[in-house]
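J.: Here is the input, now give the coordinates:
(chains A and B)
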Amino acid sequence: EAQVTQNPRYLITVTGKKLTVTCSQNMNHEYMSWYRQDPGLGLRQIYYSMNVEVTDKGDVPEGYKVSRKEKRNFPLILESPSPNQTSLYFCATTSGRTYNEQFFGPGTRLTVL
Amino acid sequence: GQQVMQIPQYQHVQEGEDFTTYCNSSTTLSNIQWYKQRPGGHPVFLIQLVKSGEVKKQKRLTFQFGEAKKNSSLHITATQTTDVGTYFCAGPTGNQFYFGTGTSLTVIP
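T.: Down below sits the predicted model:
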């Protein structure tokens, strides 16, 4: 079954404590990206990756890092989380370029106190 | 930066009424996609439109892509309670992907 998995699903942390949200897909897709969803703002792209070892900033990259060492995994790293990063995060993947349907993970709800 | 706005932000309808959400991009999009997100869920792809002026139908849902490829609409005929959720338009510019602000639909039985 085609899947995008994210872990953890829920996380409450404190300001400054480094955290990683994992994302994995089993569809052999090249393109992966991270979004944050905030009320009234829709989904905003944080980072995306066109392929292994290729990552680029999206619209709201400040305070985030990513890596793409393997095709299936695309972790999101918050090295020093702040309260304004409290949000709902989605990982997504699509085959080829950005022109195709995106498949989303179940989401990670992050609260930074 | 690029913006994709949707109106209305919220819509409450009586079951059986029609519903329309409008999507406007500040720049031309190579294609437009529509997603539905149920409460507590993740966005799920509904459809993609590529050609200027294109119209596609999925049962009670009608999707349009504007002539200038900067706007789009989703119309639902005779809403049902299963239509509840937030509808997003989205489109790529270069290698980035831009989502609309979303329209949250509530259907009152």
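J.: which strands and helices sit next to the host helix or strand of residue A:12?
T.: Secondary structure from DSSP states H and E places residue A:12 in strand A:10-13. On a contact count with 3 or more C-beta pairs under 8 Å, 6 or more residues apart in numbering or on different chains; DSSP states H and E, strand A:10-13 meets strand A:19-25, strand A:108-112. To be clear about C-beta, it is placed using only N, CA and C from the backbone, and glycine gets the same treatment.
J.: Let's have these in CSV, adding mean pLDDT.
T.: Output for the helices and strands packed on strand A:10-13, formatted as CSV (pLDDT from 0 to 100):
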stretch, mean pLDDT
strand A:19-25, 98
strand A:108-112, 98
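J.: do you know which of those lies nearest chain B?
T.: Taking C-beta to the nearest C-beta, strand A:108-112 is the member of the helices and strands packed on strand A:10-13 nearest to chain B, at 10.0 Å.
J.: check whether stretch A:61-75 contacts chain B.
T.: No. Using C-beta under 8 Å from any C-beta of the partner chain, we find that stretch A:61-75 stays clear of chain B, coming within 11.1 Å at best.
J.: Export the helices and strands packed on strand A:10-13 to a markdown table and append columns for distance to chain B and mean neighbour count.
T.: Output for the helices and strands packed on strand A:10-13, formatted as a markdown table (distance: least, C-beta to the nearest C-beta, whole Å; neighbours: other C-beta atoms under 10 Å in any protein chain shown):
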| stretch | distance to chain B | mean neighbour count |
| --- | --- | --- |
| strand A:19-25 | 12 | 18 |
| strand A:108-112 | 10 | 19 |
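J.: show me the contacts for the closest residue in space to residue B:42 that isn't next to it in sequence.
T.: Once flanking residues are discounted, residue B:42 sits nearest to residue A:104: 4.2 Å by C-beta to C-beta, 6 or more residues apart in numbering or on different chains. Counting by C-beta atoms under 8 Å, 6 or more residues apart in numbering or on different chains, residue A:104 makes contact with A:4, A:90-92, B:42-44.
J.: In terms of distance to residue A:19, which of those ranks first?
T.: Of all the contacts of residue A:104, residue A:19 sits closest to residue A:91, with 14.7 Å by C-beta to C-beta.
J.: so for the host helix or strand of residue B:97, what's the average pLDDT?
T.: Using DSSP H and E, residue B:97 sits in strand B:96-99. For strand B:96-99, mean pLDDT is 92.
J.: Just the CA coordinates for the helix or strand following it, please, in PDB.
T.: Following strand B:96-99 in sequence order, the next helix or strand is strand B:103-108 (DSSP H and E). Written as PDB, here are the backbone C-alpha positions of strand B:103-108 (Å, rounded to 0.1, in the frame of the first residue of the first chain):
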ATOM      1  CA  THR B 103     -12.500  27.400   2.200                       C
ATOM      2  CA  SER B 104     -14.000  25.500   5.200                       C
ATOM      3  CA  LEU B 105     -17.400  24.100   4.300                       C
ATOM      4  CA  THR B 106     -19.900  23.200   6.900                       C
ATOM      5  CA  VAL B 107     -23.100  21.400   5.800                       C
ATOM      6  CA  ILE B 108     -26.100  21.600   8.200                       C
END
